[in-house]
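> Here is a sequence together with a model predicted from it:
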Amino acid sequence: MMKKLLSVAMLAALSFAAQAEEGWSGTGEFGLVLSRGNADTDTLNAKLALKHEDESWLHEVAVSALRAEANDVRTADRFELGGKSGYKFNERHYLAGVARYENDDFSPYENQWTVAVTYGVHAINSDATKLTFEIGPGYRRFDPAPFVFSETPLIVIDEGSDSEFMMRGFADFNHKFNDSTSIYNTFLVESGSDNTFMQDDIGVLVKMSEALALKAGFQVRHNNDVPPDADKTDTLTTINVVYGF
C-alpha cells in the first residue's frame with residue numbers, strides 16, 4: 001500500500017507541474033520514512049499547492065495526504081483538499097470564497113466539510129516579509145468518530161453527521177532572511193457552537209537550488225470537543241523535499 005501511495009504522489013506532482021499554465025505557480029512536497037528490523041514502519045506525507053493571481057483575481061488549490069503504518073497496521077491516514085477564489089479590491093484588500101474537506105481515520109472527526117466567505121487584508125507585503133489576515137462567516141458539516149462508551153457490556157456510540165454555522169479566521173506569515181532561507185507560520189481557526197478546530201503550521205525552508213528546497217515543519221491540530229477516549233491535540237513533525245514550479 002505504501003508503495004502505491006508513493007507512486008500516486010509522484011505522478012500527481014509531475015502531472016500538475018507539467019500542466020501548470022502560464023501565470024500559475026506551485027510547490028510539491030514529499031517526505032518518506034521507512035524502517036525495517038524489529039519493527040516495520042512506513043510514513044508518507046505529501047502536499048501539492050497551486051496558485052494563480054492577476055490584477056483582479058486570486059485562486060489557490062491545495063491537497064495533502066498523510067499515511068503511516070507499523071507492522072502492517074495503519075497508525076495515521078489523513079487526506080485534505082482545499083481551495084480559495086477571491087476578487088481583489090486593490091493590492092491589499094480582497095473578498096474570497098474558501099472551501100476545505102478533510103478525511104482522517106484517526107481524528108475525533110472522521111470527515112469535515114467547511115465553506116466560508118472571507119475578507120482578507122495583506123497587512124505586510126514587502127519583499128522580505130508578508131503577513132495576511134482573513135476572517136469571515138462559514139458553514140461546517142462533520143462526522144464525529146464513533147467511540148466506546150462502555151467495554152462491559154460493549155457499547156459504541158455513533159452520533160452521526162451534524163452541521164453548524166461557524167466563524168473562520170486565518171493568518172499567514174512568511175519572512176525571508178536571505179535568498180535561501182525563510183520561515184513561515186500559518187494559523188487556521190474554525191469556531192462554531194459545537195466545536196472549535198485550530199491548526200498551526202510553523203517551519204523553516206532552505207533552498208538548495210532554484211527549484212529544490214528542504215523544509216522542516218511542525219504542525220499542531222486541536223479540537224476542543226472530542227469523545228472521552230480521544231486526545232484534543234495532535235502534533236506532526238515533518239522534513240520534506242520541496243519542488244517549486
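Arrived safely.

> what's the weakest-modelled helix or strand in the protein?
Lowest by mean pLDDT, DSSP states H and E among the helices and strands of the chain is helix 2-19, with a mean of 50.

> any idea which helix or strand comes after that helix?
Using DSSP states H and E, the helix or strand that follows helix 2-19 in sequence is strand 24-35.

> Touching, Asp42 and Val33? I think so.
Yes. Between Asp42 and Val33 there is a contact under CB atoms under 8 Å: 7.3 Å. C-betas here are computed from N, CA, C, even on glycine.

> So which of these two has more stuff around it?
With other CB atoms under 10 Å as the criterion, Asp42 and Val33 differ in neighbour count, and Asp42 comes out ahead with 22 against 12.

> what's the nearest residue to Asp225 if we skip its chain neighbours?
Of all residues not flanking Asp225 in the chain, Asn195 sits nearest, at 4.2 Å (CB to CB, 6 or more residues apart in numbering).

> Over to Leu205?
Lys215 (4.5 Å).

> And for Ser25?
Distance criterion CB to CB, 6+ apart; nearest residue to Ser25, sequence neighbours excluded, is Lys51 at 5.5 Å.

> Give the buried residues for the helix or strand in which that neighbour is found.
Using DSSP H and E, Lys51 sits within strand 41-53. Buried residues in strand 41-53, counted by 16 or more other CB atoms under 10 Å: Thr41, Asp42, Thr43, Leu44, Asn45, Ala46, Lys47, Leu48, Ala49, Leu50, His52.
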